[in-house]
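Trainee: Everything below, folded, please.
(4 chains)
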Protein chains: 2
Amino acid sequence: MSSSKTKKRVTLHDVAAKAGVSIATVSYVLNNQGSVSDDVRKAVRRTAKQLGYRQNRAARAMKMGRSSILGLLVPNIENPFFATVAQSVLAESQKKGYQIFLVDTEGSHESEVKAMEGLVAQGVDGVIVFPIDDSELSATTKIPVPVVVLDSDTPDLDLVQAEYFEGGRMLAEHLISLGHKNFGVLEGPRIVSGVRARTRGFAESIADDCNIVWQEEHAFAMTLTDEAKALLDSGGITALVCGNDLIAMAAIAHYRDSGVAVPENVSVVGFDDIPFASVITPALTTVHMPIATMGKEAVNLLIRRLEAKDAPAARSRVVLDVELVVRQSTAPPDKGQKL
Amino acid sequence: MSSSKTKKRVTLHDVAAKAGVSIATVSYVLNNQGSVSDDVRKAVRRTAKQLGYRQNRAARAMKMGRSSILGLLVPNIENPFFATVAQSVLAESQKKGYQIFLVDTEGSHESEVKAMEGLVAQGVDGVIVFPIDDSELSATTKIPVPVVVLDSDTPDLDLVQAEYFEGGRMLAEHLISLGHKNFGVLEGPRIVSGVRARTRGFAESIADDCNIVWQEEHAFAMTLTDEAKALLDSGGITALVCGNDLIAMAAIAHYRDSGVAVPENVSVVGFDDIPFASVITPALTTVHMPIATMGKEAVNLLIRRLEAKDAPAARSRVVLDVELVVRQSTAPPDKGQKL
DNA sequence: GTACTCAAGTGAAACGTTTAAGTTCAGTCT
DNA sequence: AGACTGAACTTAAACGTTTCACTTGAGTAC
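Mentor: Modelled structure (predicted):
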């Protein structure tokens, strides 16, 4: 309702006209380029501010061929792990002058591919993706913008991952040192390579006299399948290894409802160390992932590749350390095995 | 590495040339407009697909003056409440053909304003925002695109909110029916109007012989301030009312560490009913918010206003029902008051 | 046969920006 | 004095779309 009754956006033309220079000069000033005298610089900036000029990014994007927009694909933003990564990606790219298109692929590889196409059509400069199915991701390689892959293992793309195998090994070591010998494994979707790595790390690190009584694939979600519940109820194990903290929390809730005490009757471990892991009862023993760092590294990797567009630098690969965090959900098995 | 060695994007020109028609015709075909014979339609579509044509959205956005991009501002994407809203916003806008710029304002009103400006500069068609400080939001009214406000109370903007007052009332009723009389309130940031409403709903609905022993403002986070901890340790209450589920979870964890049993020694209630509320121990009594619906409604409200741009329809206001969910964190106070 | 109408398609001007190439002019070197 | 230099600024051509206004030619009504 102010003086600017006109709906029209203020353009370079308007500023140029008012300042009595050409639009080229205005453009140079506003982009801190070209050779323009200080007087004119100041004058242009003043009138620009005065008129409330806002750059039309669409026009700029079209002219320049780049949009300063990055795409971020996550399987499920409700999962705190991905939420935290998203947060760090947002913060870092904000700092670097990029906006983020967020897409939740809802765990479907199909929508992942479709989303990727959509992002490219929208003109993103690059994409950061947590792949559902990285075996098929190479097919995605044909997309015409740089891609950074998180949490996965693709041969020809830049990637950021954590020491999943090592994480699995740490869990094995910890549980064995407590005296556990019979394990149940409620792992994540095996289509995700990081999931396979952590299970492998665990399986290959248990002693000869230990055995995995059962192993079940499960979605990264807090509602357990009937199969999973049946296995939990079947007993025969003293420690449960879960694919991530969400599954671990669900398992603990199920044990609680069934009257099985954690960790007295059965120890439970997770993976990721989401913020909730330390707050729930019992506080969860898990593998701490450098979640925030992952997002930050991914953005930097991507931007580095964007800015060095022409130089086809070798593929980068950032591997981050993980850490075992022992809390209250694990204990020696001898405290009175119930099942 | 396929036949398309050329880096150049395929444009309307290319398609037109190959199909032997003008670019205008191609544009009409691809937008399902104009009068074009079926034969030509098919031919154009075929060559477009064949050449792998992708619309340049930046060019389109510039020409049309709209980008089909919506902005979503949330205070903290790590908070599952906002994550869930974001998910529903993403899903709904995806369905309607809009992309989403997500911005995490990190709880700062300053960055909220800045982000809003940035989004407008980027050319979003509209914005959905969870305001930090809605008293100052009216200042934001001068932004030149439609805005839908979530979870707040602004006089002149479209908004979606829940029955916060009623939620507070329900909690009071529930706790009083259990026999509680002395309450502690660990509320959320009072700058958020929804927070004030829920506290008011509670405070105005307790009986005359009840009293709020203490009341403390607290961030929506799981790490408690020293002040909050001190109050929790100070005793004198039989029920604790928390601003949201995150605070409730933190309080329960603190009580656990201090050897105070929930709900035997003190009942705890939250607000929001995030997915974790039903999984933690003890499962949390809370007020269920129609979180997913909020996001969906917000998108629809915004799109409706976008498409009916010229008709300055009256401000819409969607108010959603809430529901009390009684779980295990509340019980009668007489079970043996410890403090 | 003349004058319409209408479907099918084309031409070209915008949209707002960036930037290579060009112009002007004051100053400097020989 | 003449030739050159460099700073300061302008001109104008793109970028890839959309869409208004126009042409063409076939069909139809009288």
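
Trainee: OK, contacts around A:Ala91?
Mentor: A:Gly295, A:Lys296, B:Asp104, B:Glu106 (CB atoms under 8 Å, 6 or more residues apart in numbering or on different chains). C-beta here means a position set from N, CA and C on the backbone, and glycine is covered the same way.

Trainee: Could you rerun that using 10 Å?
Mentor: Contacts of A:Ala91 were listed using CB atoms under 10 Å, 6 or more residues apart in numbering or on different chains, and they are A:Ala292, A:Gly295, A:Lys296, A:Val299, B:Asp104, B:Glu106.

Trainee: Give me the subset of the residues you listed that lies in helices.
Mentor: A:Ala292, A:Gly295, A:Lys296, A:Val299 (DSSP state H).

Trainee: Which residue lies closest in space to the third one, excluding its sequence neighbours?
Mentor: Distances taken as CB to CB, 6 or more residues apart in numbering or on different chains place A:Glu92 nearest to A:Lys296, at 4.6 Å, with adjacent residues excluded.

Trainee: and A:Lys42, how many residues sit next to it?
Mentor: Using other CB atoms under 10 Å in any protein chain shown, A:Lys42 has 12 other residues around it.

Trainee: now the one 3 residues further on
Mentor: Other residues lying near A:Arg45 total 16 when counted by other CB under 10 Å.

Trainee: Does it belong to a helix, a strand or coil?
Mentor: With DSSP: H, G, I helix; E, B strand; the rest coil as the basis, A:Arg45 sits in helix.

Trainee: how far away is it from A:Tyr28?
Mentor: Between A:Arg45 and A:Tyr28 the computed distance is 12 Å (CB to CB, to the nearest Å).

Trainee: Provide a list of residue ranges in chain A with pLDDT below threshold.
Mentor: A:1-8, A:136-142, A:309-312, A:335-339 (pLDDT under 70).

Trainee: and with 80 instead?
Mentor: For chain A, the stretches flagged by pLDDT under 80 are A:1-8, A:107-108, A:121, A:133-143, A:153, A:155, A:308-313, A:334-339.

Trainee: what about the helices in it?
Mentor: In chain A, the segments counted as helices under DSSP H are A:12-19, A:23-30, A:38-51, A:57-64, A:80-96, A:109-122, A:137-140, A:164-178, A:193-203, A:226-234, A:245-258, A:291-307.

Trainee: Tell me which of these lies nearest to B:Val74.
Mentor: Ranking these by proximity to B:Val74 (CB to CB) places helix A:80-96 first, at 9.9 Å.

Trainee: Give me the buried positions along the closest one.
Mentor: A:80-94 (16 or more other CB atoms under 10 Å in any protein chain shown).

Trainee: likewise stretch A:22-29?
Mentor: A:Thr25, A:Val26, A:Ser27, A:Tyr28, A:Val29.

Trainee: wait, does that stretch contact DNA strand C?
Mentor: Yes: Stretch A:22-29 is in contact with DNA strand C by CB under 7 Å from any atom of the strand, via A:Ile23, A:Ala24, A:Ser27, A:Tyr28.

Trainee: separation between the last one and A:Asn244?
Mentor: By that I understand A:Tyr28. Per CB to CB, A:Tyr28 is found 52 Å from A:Asn244.

Trainee: on that earlier part again, contacts only, for the residue nearest to A:Lys296.
Mentor: By CB under 10 Å, 6+ apart, the residues touching A:Glu92 are A:Leu70, A:Tyr98, A:Ile100, A:Ala292, A:Gly295, A:Lys296, A:Glu297, A:Ala298, A:Val299, A:Asn300, A:Leu302, A:Ile303.

Trainee: Turn the helices of chain A into JSON lines, columns for distance to B:Arg256.
Mentor: Shown next, in JSON lines, are these (distance: least, CB to CB, whole Å):
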{"stretch": "helix A:12-19", "distance to B:Arg256": "62"}
{"stretch": "helix A:23-30", "distance to B:Arg256": "57"}
{"stretch": "helix A:38-51", "distance to B:Arg256": "55"}
{"stretch": "helix A:57-64", "distance to B:Arg256": "50"}
{"stretch": "helix A:80-96", "distance to B:Arg256": "20"}
{"stretch": "helix A:109-122", "distance to B:Arg256": "40"}
{"stretch": "helix A:137-140", "distance to B:Arg256": "43"}
{"stretch": "helix A:164-178", "distance to B:Arg256": "22"}
{"stretch": "helix A:193-203", "distance to B:Arg256": "29"}
{"stretch": "helix A:226-234", "distance to B:Arg256": "23"}
{"stretch": "helix A:245-258", "distance to B:Arg256": "14"}
{"stretch": "helix A:291-307", "distance to B:Arg256": "25"}
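
Trainee: closest to B:Gln50 out of the ones you listed?
Mentor: Ranking the helices of chain A by their distance to B:Gln50 (criterion: CB to CB) puts helix A:109-122 first, at 16.3 Å.

Trainee: what inclination does the closest one have with respect to helix A:57-64?
Mentor: Here the directions of helix A:109-122 and helix A:57-64 differ by 80 degrees (axes from the mean of the first three to the mean of the last three CA atoms, to 10 degrees).

Trainee: Now do helix A:109-122: which elements does it pack against?
Mentor: Applying 3 or more CB pairs under 10 Å, 6 or more residues apart in numbering or on different chains; DSSP states H and E, one finds that helix A:109-122 contacts strand A:69-74, strand A:99-104, strand A:126-129, helix A:137-140, helix B:57-64, helix B:80-96, strand B:99-104.

Trainee: tell me which residues in it are buried?
Mentor: Within helix A:109-122, the residues that count as buried by 16+ other CB under 10 Å are A:His109, A:Ser111, A:Glu112, A:Val113, A:Ala115, A:Met116, A:Gly118, A:Leu119, A:Val120, A:Gln122.

Trainee: hmm, back to that, list just the nearest of the ones in helices among the contacts of A:Ala91 to B:Glu187.
Mentor: Nearest to B:Glu187 among the ones in helices among the contacts of A:Ala91 is A:Ala292, at 28.2 Å by CB to CB.

Trainee: Please report the distance of the closest one from chain B.
Mentor: 10 Å (CB to the nearest CB, to the nearest Å).

Trainee: Show the contacting residues for that residue.
Mentor: So A:Ala292 contacts A:Thr84, A:Val85, A:Gln87, A:Ser88, A:Val89, A:Ala91, A:Glu92, B:Glu78 (CB under 10 Å, 6+ apart).

Trainee: Please apply the same query to A:Ala314.
Mentor: A:Ala314 sits next to A:Asp158 when contact means CB under 10 Å, 6+ apart.

Trainee: rewinding a little: out of the buried residues of stretch A:22-29, which is nearest to B:Val266?
Mentor: Taking CB to CB as the measure, B:Val266 lies nearest A:Val29 of the buried residues of stretch A:22-29, at 63.5 Å.

Trainee: wait, isn't that closest one in contact with A:Ala43?
Mentor: Yes: A:Val29 lies in contact with A:Ala43 (CB atoms under 10 Å); the separation is 8.9 Å.

Trainee: Straight-line length of stretch A:148-157, end to end?
Mentor: 6 Å (CA to CA, to the nearest Å).

Trainee: Next, the buried residues of it.
Mentor: Of the residues in stretch A:148-157, those buried (16+ other CB under 10 Å) are A:Val148, A:Val149, A:Leu150, A:Asp151, A:Ser152, A:Asp153, A:Thr154, A:Leu157.

Trainee: Just the closest of those residues to B:Glu264, please.
Mentor: Distance ranking of these against B:Glu264, using CB to CB, places A:Asp151 first at 41.9 Å.
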